[in-house]
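Student: with the input below, show me the fold.
(one chain, ligands or ions: 1)
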Amino acid sequence: MSASAVSTPTATETVLAVDGVRKIYNEGTAQANMAIDSVSFHVDKGEFVCIVGPSGAGKTTLLRCISGLASPSAGSVTFEGRPLTQVPEQLGLVFQDYSRSLYPWMTNGENVALPLSARGLSRAERASRVTETLRSVGLGHVERKYPWELSGGMQQRVAIARALSYRPELLLMDEPFASVDAQTRFDLEDLILKVREDLGITVVLVTHDIDEAIYLSDRIIVLSKNPSVVREVVDVGLGTVRSQVETRASEQFLALRRHLLSLVMPKDAS
Ligand SMILES: Nc1ncnc2c1ncn2[C@@H]1O[C@H](COP(=O)(O)OP(=O)(O)OP(=O)(O)O)[C@@H](O)[C@H]1O
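Tutor: Numbering: from 1, shown residues only. Below you'll find the model as predicted:
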């Protein structure tokens, strides 16, 4: 049974619709570079979708287009039924480089509170939301410390807390666990699965790590080499309960791994 069949027994609601998105950098100049040719897919409410593809396929470019940080050269992106023209308020963003996304002169609590002021929450609401959100990522004790007093994995948890503090509808993550050690990576993967379960949030995550994509996803969008199109959409179907030890050793996981590797290995990724 597919994961979507497990988690969405009633009619699905599309949160994000990507239709024929193309991105040409330096369009109309001699340096024109078509990063994405034509990409279409949709993401339903509550889904966890990963985007994978060969190096340089255009994964980050696609994420920038679906977050409103970059404009597509053609095609459209619709977020909650409305055409995307800028970064929506109900979007959370987490990038690979936590050391550049957290302000070192602010405490962790102040970093997490930052997007809340812009959204008009009162001082008291901000204070309770910060404490609650830091607790939800296992960091209730670091609110008054500074980011540089924490390990890399803890700093990325603070960055995740900041993106979650305003309860976004959709969390977009670009290689969020690529800069931490293997054990911390597993811990952060499990954290994000728990957060997704607790908050019922929709997640789209870009990764170059096939195993990570299978472990986390309900569906995986596989991009071809650049200029990219969607090569295949893979239904993961591993159910909602996942374990780093058992899930990764299962026959179903290994079969998916073989299939995905055959899709993204350079010689096959035409
Ligand atoms: N700002 C930019 N200006 C011009 N070209 C760019 C820009 N950003 C990316 N590109 C080009 O777009 C293509 C796709 O790059 P992108 O970073 O989106 O791929 P990726 O799949 O995320 O790569 P990787 O797997 O190496 O992280 C590449 O050819 C890259 O050189």
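Student: excluding its backbone neighbours, what's nearest Glu143?
Tutor: What sits nearest to Glu143 in space, not counting adjacent residues and going by C-beta to C-beta, 6 or more residues apart in numbering, is Gly109, at 3.8 Å. Any C-beta I mention is one placed from the backbone N, CA and C, and that applies to glycine too.
Student: need the pLDDT of that neighbour.
Tutor: At Gly109, the pLDDT value in this model is 97.
Student: quick check, it in contact with Val130.
Tutor: Yes: with contact defined as C-beta atoms under 8 Å, Gly109 reaches Val130; the gap is 5.0 Å.
Student: how close does the residue nearest to Ser55 when sequence neighbours are not counted get to the ligand?
Tutor: In space, and not counting its chain neighbours, Ser55 is closest to His208: 6.8 Å by C-beta to C-beta, 6+ apart. Applying C-beta to the nearest ligand atom, to the nearest Å, the value for His208 to the ligand is 5 Å.
Student: helix, strand or coil: sort out His208 for me.
Tutor: coil (DSSP: H, G, I helix; E, B strand; the rest coil).
Student: what's the local residue count around Thr131?
Tutor: Other residues within reach of Thr131, judged by other C-beta atoms under 10 Å, total 14.
Student: right, I mislabeled it, should have said Leu121
Tutor: 18.
Student: show me what contacts it?
Tutor: Arg129 (C-beta atoms under 8 Å, 6 or more residues apart in numbering).
Student: same check on Asn26?
Tutor: Counting by C-beta under 8 Å, 6+ apart, Asn26 has contacts Ala32, Asn33.
Student: can you tell me how far it is from Ala32?
Tutor: Asn26 sits 5 Å away from Ala32, going by C-beta to C-beta, to the nearest Å.
Student: still on that earlier bit, does the residue nearest to Glu143 count as helix, strand or coil?
Tutor: Quick answer, by three-state DSSP: Gly109 is helix.
Student: from Val142, how far off is it?
Tutor: From Gly109 to Val142 the distance is 8 Å (C-beta to C-beta).
Student: between the two, which contacts overlap?
Tutor: In contact with both Gly109 and Val142: Leu134, using C-beta under 8 Å, 6+ apart.
Student: how about the residues of the stretch 101-250 of the chain by the ligand?
Tutor: Contact residues, the stretch 101-250 of the chain versus the ligand (C-beta under 6 Å from any ligand atom): His208, Asn226.
Student: which stretches of the stretch 101-250 of the chain form strands?
Tutor: 170-174, 202-206, 219-223, 228-235 (DSSP state E, counting those that start in this stretch).
Student: show me the shaky parts of the stretch 151-270 of the chain.
Tutor: Judged by pLDDT under 70, the stretch 151-270 of the chain has its weakly predicted residues at 266-270.
Student: switch to 50 and redo it
Tutor: 268-270 (pLDDT under 50).
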